[in-house]
Structures are given as C-alpha cells and as structure tokens.
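[1] Okay, predicted coordinates and the sequence, questions at the end:
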Amino acid sequence: MRPSQGAASFLRFENVGIDEEGPYEMVVLKGWKMLIKVNRPDGSYASGDLFRILKNGDDSVKGYVYVGRGDDTLTHLTGEKTNPVPMEQSIRSSPLIRDCLVFGAGQQSTGALLIPYEHAWEAHSCLDEAARQAALKKQLEPVLQDVNSHCPSHSRLVPEMIRFLSPDTRFPVVDKGSIKRAPANALFSKEIAQLYSEFDLGTSTSDQDKASIESKDQLESLLQSVLERLLNVSLDGKRDKDLTNLGVDSIMDSQIRSQIHRSVRMPSPLPNTVVFRNPTLDRLTDAVWKHIRQESRGVSAVDHSKQQELKTYQMLKDLRLKLQSRDSSLVEQSTFGHKEVVVLTGATGSLGAHILDQLRSKPSSIAKVICLNRAANEQEAKKRTEESLQARGLAPINEADLVEIVSLASDISKERLGLSESVYDELASTVTTVIHNGWPVNFVMTHDSFLNVLEGTVNLMNLVGQSKGCLSPRFLFSSSVSVAFASREPVIPEEIFGTLENTMGLGYGHSKWIVENLCRDAETLIGGGFKSIVMRIGQMVGDRSGGIWNETEAPPLMIKGAQTIGCLPAEGDDLFWLPVDIAGLIVAELTTSARDEACVIVHIASEEGMAWKKALETLAEPQNLGNFEVVPFAQWVDRLAQSDQNPSRNPTIKLIDHYRSMQQGLESGNRKMPKFATDRLRQQLDASPKLTEILDGLAAYKPEYLSTTVAAWKHSGFLK
C-alpha cells in the first residue's frame, strides 16, 4: 500500500520493533479532516495497525506491507516480537486443523494450541494421550516446516511447545471470526503454563532424545556446545571465563538451564540460577556433574560464608595495589576552569537517567557530561542514552542545551576504559569529576563475577586521579544500604566499615563494600587532593510524576504476587522508599557542593517510613489492584514456593530465598528495619537552593506516588 498524496503528510509510521525492520505502527496526525477520534495528548490517533516498509534501491520508501494489529503482536521476554496471525493462517490451511492459537507474550518462545477436526482426532483413538499427541505432531510436520521457514528464528514452533485439544473445544472469537487473543490465553492458561513448565524441565522431551552422561569430559563437551550456541561465542580456551561477562543475564540463565534439562538425563531439576552460581564452564560442569551423581557439596553454609568473606578481603587487598598515586606536577599542568566536566556511568539505568537530567539543568556549574555506555560504537552509545531518558519520561537531548551531553562506547574494565588513546587522553585532560553509578543489580551473582566491574572502578578512580582538568579530582560512588544492612544498630551512622560484619553476605553487597573502602583509602593511595563521596543509597522507587520503576526488583515482584498468586503478605516492615527523581536531584547537588573533606559518606535514604498496612490499603483501592487476599507472610511464601518454578515466566521465584529470609526475620522477632542517619547529607546540602524539595522527598513515601506507579505498571503490561 501507498498513502495518497493528500494523506501522506498526515501519516507517520513509528517503529515499534527492536531494529530497523520494525514493524511500524501507522499514526494519523492532528489536522486530517476525517479524524474523528484521538488517543494521544498531541491530538493524533495511533491506529494499532502494523506495517513493514519496502524500500527502493536508493533507500526511498516504495510502499507499506500490512502485517497485522498491534494487539495481536506477541512481545517475548527477550524484547523480540512475533506476529502470530500469518502463522495461524498457515497452520489452519492443513486439512487436519480446525483452529489454531499461537501464544508467547512475555515468554522466551512461541507455542500453539491446536483444535483438530474430528476425523484426525478419531483416527488415533486407540492410542493413549501421549501417543495420540505424538502421532498428530508427526502428521503436522510438513506444515510446521513450512511455517518455520517463513518466520524469524525466535518465532519458530517446536513440537514440544504444541498441544492438540479436543475437537469440540472452541476459542473465543469476535463477530468477524478472529480469535479474542487475551480471553483465549486466559481460558487456556493452565494448558499453556503446563507446556512451558514441561519444556523448561525437559519432561516434554523423551529420555531417548537426551544424553546419558557417562563421564565428566562428556558432560563438559555437551555443556560447551549448549553455551556456545546460546551465547554465539567460542569457549575454546575460555573454560575459566566468567559467563556473566559474555552476556549471561537472568533470561539467559533460565534458557541455559532449560536447554540442559532437554539435553541431559538427570534425576531431578537443576536449582534455579545454577549458571549464576557457577559462572564458568568448569564450575558449571562440576555442579551439573555432582547433581547428576546426586553428590552433596559437603560445605556448610557457615563455612561457605567464611570463604566468601576471606575472598572479599583478598580482592580489596589486590585492588588497592592498582590505585595510582597522583603526580604532583599535575597541579601545575592543571587546565582547571570554573565549570565541571563530569564522567557518568550507568546513564542507561533509572537513577543514571535522572542524574543526567538534573546535571544538564545546571549550566552555571557544569560544562559537559560524558556518558560511558556499553555499546558497539558511539552512535549506539548515544542511542542508548536517548532511549534511557525517553523510557523514564524525561526530556530528550537537545542541541540547544547549555550543558553538552556526549555518549561514548566504553568498557570500563578494559585498558583506557575501552576508548581510543586520543579520546582517553582528552578525557584525562579535562575531567574534573567521575560519578560511578553503573553496577550490575544482581543478587545471585558470585563474588568472582563482580571482579570486572571492580577493576573498572579502579580504572575510573585512576582516570580522575591523574586528570589535568582540576586541582582536586573528585569521585562520587553510588553504593548501597546493603553494605550496612546486617548492622544491629537502630540507626546506621554515616561511616565506612572496615570489616564485613555489618554487610549482607552477597556478592552484590560485598562488592559495594570493597569500593567504599577503596574510596576511603584513595585519600592516601592516590593523594594529591583526591576527594570522594560515597553515596549509600536506599530503596529507590518510581519517580513522583511518572511512577516508572524497574519491574525486576523485589518490591514490585512481591506486589505482582497479588495477581499471579492472588495474595500479599499481611506483615511487613515500614517502607523507607525514596522516589528516584529525588535521588537523582541529590546526586546532582552533591556533584557541585563544596569540596571539603577527603572522603565523605552520606546516606541517600528516606528518613521516614510508610506503614506496610497503608501500602496494602492503597493497593486495594479500585483504581489500583482492587481485591486480593491478605495472608500471613509464611503462607504467602508457601504459595510462592508452589507456583510456577520457571524464573523467566515467574521471576519472583528467583527471590524466594530473599523472601524466606524476610519471613525468618519476622518470625524471630529480631528483625526490624534499621533507619539510616542523614545528618552528614543535610550538612553537605545545607546551601543547596533545592533543599526544601529534597527534604520533602526524604519524608515518608506518599500513597499517591504508589498509585502513580501502579498505573505505570498497568500501562507497561507488568500488571493487569
């Protein structure tokens, strides 16, 4: 199709895909005389109709091919999209099939429920259910091959993800005969969940198609093949390479576990996060081998904790040796001006986006912000920064902005931060401040998996420590309250702890503790006026105006339980939640505050808590979640434990150990949420013109903020 000359200027095609292939949604712009309905604030109408753009050899638009409705499109857990309509049409063309429903929204892969004609079903009536399903799948093979040849690899159907329903089954349809997709998925949710569960645990794959492992070498070869196929990288000579640095995230962890289940015979399912806990080929092989042989690890929890503590102390000792002392001649060479040149990491995250947004509003004190992003090139790095601002509802970067924003493709763990020599030298000649805000928020990663980011932290400290751009280089670090969460003090002081006794025994908390101590030690190890601010940040939540909050964190996943398992726990600590835009404002103010002490630690945390009971009342309001059960915490944990075990579909299950520890604390009566002192923070900000707004933000979290966040989650599809 091509728009007519009169209509073309009133149409815009917006990319709603993950790459240049689209698809593109047609939007009718304000001003079109026949426009009688609008659904956007700017007066335009987003049609929901999706197109693929055809181009000529000179890259001009040749025309548009209609591919379906936006509400038909399946967005997978990976962000990739599938248009199920042509797949369903092709499968229905088989003389065996009356109707077909392709599903997969929010999942890693597609699946299909098929309703056969009576004659196809009855032809195998002498077989049991499993044999009948297998026979029908065998007959359908040519059709599946044809369907899979015409769709992207992420959309392809595998036999294990297909189920034939009884011929008298019917899908709910609209008047014109097409399937009501959401009601159909809800009506057959049990069958769909069972397909994914069996696929994940490998029970839908015959043992005859799985390898019977006879030796550890055989297992290692098989696991290497699985990892290389999913990661698209060779592991030859990389048996000790940390897999998290090769791209393994929570989704990939689940995919690898599922593939192992479908490839190897084993006595029981592997533990969740098996890859995160064993993040090298050698260690994963050892763990799976012991699981197959049903061998105990033989290490008590206490001994394991002690081993991790010793490893953390050694890592700090090794990293201290890599800090470079500041050359005194740099002061004489200084090109220091009156404005800051800031290097920022983590701009693609929620807090980072709000820090950047606040920094660019300070042209009187800041000249330039350089965002270091993981990316293939500068163009992609710039795009990631822009998309991060857009995702949080913040204003786009404008060339007219008085503060220059630059995005560079970087890997901070590499020499010269992964930058070219000329770019790095320019940075080292001009940078005055580094805000190190980028960090893997992963509570199952081992201590070893944080080594790269820790070495990258030292590289950043050395960058600003050797800078000619200032008389007194400055390093701000986004730490975490988890560093002090094991403290028995009712009010945690703003001080750096020299030992781990106050720190939660996780790789995440230990890694933050290491950097806090490096910041303290840098006063003498780097010297030359090097100053640091450690910002121990509390539980950040959605911003005040848009409510946008990372849906993978523990509180959002608990709240989602009101819909996934139908209940929420009755007991809970007061909620010391801090809107992320307030945290971003505070960091920006600290960046330009007076430079006095060599190492300052402040708590950026809410000073008052909102009662959990008040949160439950707010969530139960009709415009939020409405009715749900409120049950004892132990019962809530039990229900979670009995729910879907696949973390890609039920990510809350990954944090069940965290929720169990919360339960134990509540039952023991010893667990009380500590408060974090903010006296030093107030001292640092006493001259800030934004102090009134900051103090209001540090007060108790407001119910209206929670309602705004629930609305944002409904808009994104995280909540129904």
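    Looks like it arrived, so ask away. The structure presented is a predicted model; accordingly, all values stated were derived computationally and were not measured. Numbering: from 1, shown residues only.
[2] helix/strand/coil for Leu344?
    When classified by DSSP: H, G, I helix; E, B strand; the rest coil, Leu344 comes out as strand.
[3] how many neighbours does it have?
    Around Leu344 there are 26 other residues, counting by other C-beta atoms under 10 Å. The way it works is simple: take the backbone N, C-alpha and C, and place the C-beta from them, glycine included.
[4] hey, what's it bridged with?
    Per DSSP bridges, the residues bridged to Leu344 are Cys371, Ile435.
[5] shouldn't it be in contact with Ile366?
    No: here Leu344 lies out of contact with Ile366, judged by C-beta atoms under 8 Å, at a distance of 10.8 Å.
[6] and for these two, which residues touch both?
    Leu359 (C-beta atoms under 8 Å, 6 or more residues apart in numbering).
[7] okay, how far is it across stretch 603-623, tip to tip?
    Using C-alpha to C-alpha, to the nearest Å, the end-to-end distance of stretch 603-623 comes to 34 Å.
[8] quick one: furthest residue from the center of this protein?
    Cys126 (49.0 Å; C-alpha atoms, centre = their mean).
[9] quick one: contacts for Pro172?
    179-180, 183-184, 187.
[10] Between these, which sits nearest Ser413?
    Ala184 (47.2 Å; C-beta to C-beta).
[11] Buried members of the contacts of Pro172 into ChimeraX, please.
    Buried residues among the contacts of Pro172 (16 or more other C-beta atoms under 10 Å), as a ChimeraX selection:
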select :179,184,187
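[12] between the contacts of Pro172, which is closest to Ala687?
    For the contacts of Pro172, the nearest to Ala687 is Pro183 (59.0 Å; C-beta to C-beta).
[13] Tell me the spacing between that closest one and Arg639.
    Distance from Pro183 to Arg639, counting by C-beta to C-beta, to the nearest Å: 25 Å.
[14] again with Lys675
    31 Å.
[15] and what of Asn442?
    In terms of C-beta to C-beta, Asn442 sits 25 Å off from Arg639.
[16] now swap in Thr709 and tell me
    From Thr709 to Arg639 the distance is 23 Å (C-beta to C-beta).
[17] between the two, which one's more packed in?
    Thr709 (25 against 17).
[18] which parts of the host helix or strand of the more buried one are buried?
    Per DSSP states H and E: Thr709 is located in helix 703-716. Using 16+ other C-beta under 10 Å as the test for burial, helix 703-716 gives 703, 705-713.
[19] now swap in stretch 495-502 and tell me
    By neighbour count on 16+ other C-beta under 10 Å, the buried set for stretch 495-502 is 496-497, 500, 502.
[20] Among those, find me the one that's closest to Thr446.
    Of the buried residues of stretch 495-502, the one sitting nearest to Thr446 (C-beta to C-beta) turns out to be Leu500, at 15.7 Å.
[21] quick one: contacts for that closest one?
    309, 312-313, 510, 513.
[22] what's the spacing between it and Ser206?
    49 Å.
[23] again with Ile582
    From Ile582 over to Ser206 (counting by C-beta to C-beta), the distance is 56 Å.
[24] which ones are touching the closest residue to Ala611 other than its chain neighbours?
    Closest residue to Ala611 apart from its sequence neighbours, by C-beta to C-beta, 6 or more residues apart in numbering: Asp574 at 5.7 Å. Residues in contact with Asp574, defined by C-beta under 8 Å, 6+ apart, are 609-612, 673.
[25] What subset of the residues you listed is buried?
    609-610, 612.
[26] and stretch 487-494, what's its mean pLDDT?
    For stretch 487-494, the mean pLDDT works out to 88.
[27] Now do Lys531: how many residues are near it, please.
    Count around Lys531 with other C-beta under 10 Å applied: 21.
[28] Hmm, Cys470 and it touching each other?
    No: counting by C-beta under 8 Å, Lys531 stays clear of Cys470, with 10.0 Å between them.
[29] coming back round to it: tell me the two of the buried residues of stretch 495-502 that are most distant?
    Ile496 and Leu500 (12.2 Å).
[30] Pass me the low-pLDDT residue ranges in the stretch 201-350 of the chain, would you?
    When residues are selected by pLDDT under 70, those of the stretch 201-350 of the chain lie in 204, 249-251, 272, 296-304, 330-337.
[31] mind listing the helices for it?
    Using DSSP state H, counting those that start in this stretch, the helices found in the stretch 201-350 of the chain span residues 216-231, 250-263, 274-277, 281-292, 301-320, 329-333, 350-359.
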